[in-house]
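*Asks:* my questions are about this predicted structure, shown below with the sequence.
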Amino acid sequence: MTPEEVLPDALLERIRGRAAAYDRDNAFFHEDLQELAAAGYLKLFVPAADGGAGLGLQAAAQCQRRLATAAPATALAVNMHLVWTGVAHVLAARGDHSLAFVLAEAAQGEVFAFGNSEAGNDSVLFDSRTTAVPAGEGSYTFNGTKIFTSLSPAWTRLGIFGKDASARDGAGELVHGFITRETPNYRILDDWDTLGMRASQSATTVLDGAWVPADRIFRRLPVGPNPDPLIFAIFACFESLLAAVYTGLGERALAVGVESVKRRTSFKNRGRSYAQDPDIRWKVAEAAMAMDNLYPHLRSVTADVDALADHGPQWFPKLVGLKVNATETARRVVDLAIRVSGGSSYFRGSELERLYRDVLAGMFHPSDDESAHSTVANAWLGPLED
């Protein structure tokens with residue numbers, strides 16, 4: 001299926017038509033989610049035999065790129081569901097079916113969300129400030145605070161992890177599991193009032209003894225970096241799908257900027273179109289060339305994940321490099337689009353004003369700029385000496 005078949009123009013335009021109001025009202029995209037679910041969009045990674053689209057990461061990323069041209073905040077939040085279903089797909093393609101239940105439940109309409117991010121945890125997946133306490137028969141209770149929990153009003157399954165400090169002779173162990181909407185002892189705070197990506201409603205989730213039964217504990221890993229396929233699958237899906245969203249955002253900003261330039265006229269030059277202004281043309285060309293470099297980068301990395309390419313220790317540099325390229329390129333393109341569009345883009349409610357605020361979120365997603373550069377430098381130069 002092509003992105004145009006998955007997201008027909010009519011559906012895309014309805015989603016685009018709602019984006020400004022969601023942003024203005026700081027409201028969740030309930031109507032978008034309902035229509036996307038009805039269209040089968042939440043089943044992109046679900047096998048066709050189970051009623052899904054049966055797509056791989058490359059095709060799913062192109063769908064997210066297309067969705068983000070209409071509503072970046074909607075696409076960003078949907079990413080979190082697609083990350084988990086994508087992780088299950090990537091693992092299964094490598095012979096690991098430990099998350100087969102994720103695809104099975106997504107096929108039944110369950111909505112997954114990503115509850116791993118923690119304030120002040122720059123170890124990301126390699127350590128946790130949340131505690132995971134054994135509760136008998138392989139179950140655990142979790143205590144901690146998770147931030148940026150997208151899809152907060154709608155998820156039915158939330159992936160979380162925490163540290164059992166008593167495991168592995170005191171070295172600690174990272175425990176991964178899922179809670180459901182009905183799980184007791186968690187709270188969703190009403191604290192999402194942000195500069196951009198407002199419709200994602202990525203509220204804080206407080207775990208206060210949330211219990212996860214043994215059949216929902218799907219990994220126990222040592223603290224620190226390790227080669228478990230789950231870590232690769234999460235990085236591959238998270239970074240690639242984030243890159244897809246910001247690629248779509250940049251693509252839309254360029255299109256809006258071009259439309260604006262064609263409409264604007266110069267009083268000084270007797271009504272001549274700004275499309276004939278050499279300085280404006282240079283900025284539009286710069287934005288277009290930046291996007292032209294990004295499109296094949298996204299396709300190449302996601303195609304390699306689908307093809308089970310073996311990049312060895314270069315995989316993580318490739319993934320974080322894609323994310324940083326996409327977020328920074330989109331930010332530069334939005335800036336250029338605003339520069340060529342004039343003062344009207346500065347007014348509240350203009351699409352470029354919203355895209356400008358939305359694109360700034362890219363710097364906060366892991367891996368951030370500093371972490372990404374450290375990862376790439378370590379891959380090429382080796383770790384820093386003590």
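*Replies:* Done, it's in.
*Asks:* wouldn't Ser344 be in contact with Ser350 here?
*Replies:* Yes: counting by CB atoms under 8 Å, Ser344 touches Ser350, with 6.2 Å between them. Where you see a C-beta, it was placed from the backbone N, CA and C, and this is true even at glycine.
*Asks:* which of these two has more residues huddled nearby?
*Replies:* Taking neighbours as other CB atoms under 10 Å, Ser344 and Ser350 compare with Ser350 leading, 18 against 13.
*Asks:* ok, that one to Glu259 distance?
*Replies:* Separation of Ser350 from Glu259 (CB to CB, to the nearest Å) stands at 12 Å.
*Asks:* just Glu182 next, same as before
*Replies:* Taking CB to CB, one finds Glu182 at 47 Å from Glu259.
*Asks:* again with Trp155
*Replies:* 36 Å.
*Asks:* below-threshold pLDDT in the stretch 201-350 of the chain: ranges please.
*Replies:* Across the stretch 201-350 of the chain, the ranges flagged by pLDDT under 70 are 267.
*Asks:* show me where it has strands.
*Replies:* 203-212, 217-222, 265-266, 272-273 (DSSP state E, counting those that start in this stretch).
*Asks:* a markdown table for those, including mean neighbour count and distance to Leu355?
*Replies:* Converted to a markdown table, the strands of the stretch 201-350 of the chain look like this (neighbours: other CB atoms under 10 Å; distance: least, CB to CB, whole Å):
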| stretch | mean neighbour count | distance to Leu355 |
| --- | --- | --- |
| strand 203-212 | 20 | 23 |
| strand 217-222 | 17 | 37 |
| strand 265-266 | 14 | 24 |
| strand 272-273 | 13 | 23 |
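*Asks:* can you put the ones you listed in JSON lines and add distance to Ala93?
*Replies:* As requested, the strands of the stretch 201-350 of the chain are arranged in JSON lines below (distance: least, CB to CB, whole Å):
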{"stretch": "strand 203-212", "distance to Ala93": "26"}
{"stretch": "strand 217-222", "distance to Ala93": "17"}
{"stretch": "strand 265-266", "distance to Ala93": "54"}
{"stretch": "strand 272-273", "distance to Ala93": "51"}
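*Asks:* burial count for the closest residue in space to Leu352 that isn't next to it in sequence?
*Replies:* In space, and not counting its chain neighbours, Leu352 is closest to Ser345: 4.0 Å by CB to CB, 6 or more residues apart in numbering. When neighbours are defined as other CB under 10 Å, Ser345 has 22 of them.
*Asks:* quick check, central residue of this structure?
*Replies:* Geometric centre of the chain, nearest residue: Leu242, 3.7 Å, by CA atoms, centre = their mean.
*Asks:* Ala253 and Ile234, how far apart?
*Replies:* Counting by CB to CB - Ala253 and Ile234 are separated by 29 Å.
*Asks:* need the CA coordinates for stretch 72-86. CSV is fine.
*Replies:* The C-alpha trace of stretch 72-86 is given here as CSV (Å, rounded to 0.1, in the frame of the first residue of the first chain):
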residue,chain,number,x,y,z
PRO,A,72,2.6,17.2,13.1
ALA,A,73,1.2,16.9,16.6
THR,A,74,-1.2,14.2,15.6
ALA,A,75,1.6,12.3,13.8
LEU,A,76,4.0,12.7,16.7
ALA,A,77,1.5,11.2,19.2
VAL,A,78,0.5,8.4,16.8
ASN,A,79,4.2,7.6,16.6
MET,A,80,4.2,6.3,20.1
HIS,A,81,1.6,3.6,19.2
LEU,A,82,3.6,2.8,16.0
VAL,A,83,6.8,2.6,17.9
TRP,A,84,5.5,-0.4,20.0
THR,A,85,3.8,-2.1,17.1
GLY,A,86,6.9,-1.4,15.0
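*Asks:* name the residues of it that come out as buried.
*Replies:* For stretch 72-86, the neighbour count (16 or more other CB atoms under 10 Å) marks 72-86 as buried.
*Asks:* so which of the strands of the stretch 201-350 of the chain comes closest to Arg339?
*Replies:* For those, proximity to Arg339 was assessed by CB to CB; strand 265-266 is nearest, at 15.3 Å.
*Asks:* show the contacting residues for the closest residue to Gln62 other than its chain neighbours.
*Replies:* Distance criterion CB to CB, 6+ apart; nearest residue to Gln62, sequence neighbours excluded, is Pro3 at 4.8 Å. Pro3 makes contacts with Ala59, Gln62, Cys63, Arg65, Arg66, as judged by CB atoms under 8 Å, 6 or more residues apart in numbering.
*Asks:* same thing but 7 Å
*Replies:* By CB atoms under 7 Å, 6 or more residues apart in numbering, the contact set of Pro3 is Gln62, Cys63, Arg66.
*Asks:* each with direction, which strands does the helix or strand containing Thr141 pair with?
*Replies:* Per DSSP states H and E, Thr141 falls inside strand 140-149. Using DSSP bridges, the strands paired with strand 140-149 are strand 131-134 (antiparallel), strand 203-212 (antiparallel).
*Asks:* flag every buried residue along the first one.
*Replies:* By neighbour count, and taking 16+ other CB under 10 Å as the criterion, the buried residues in strand 131-134 are Thr131, Ala132, Val133.
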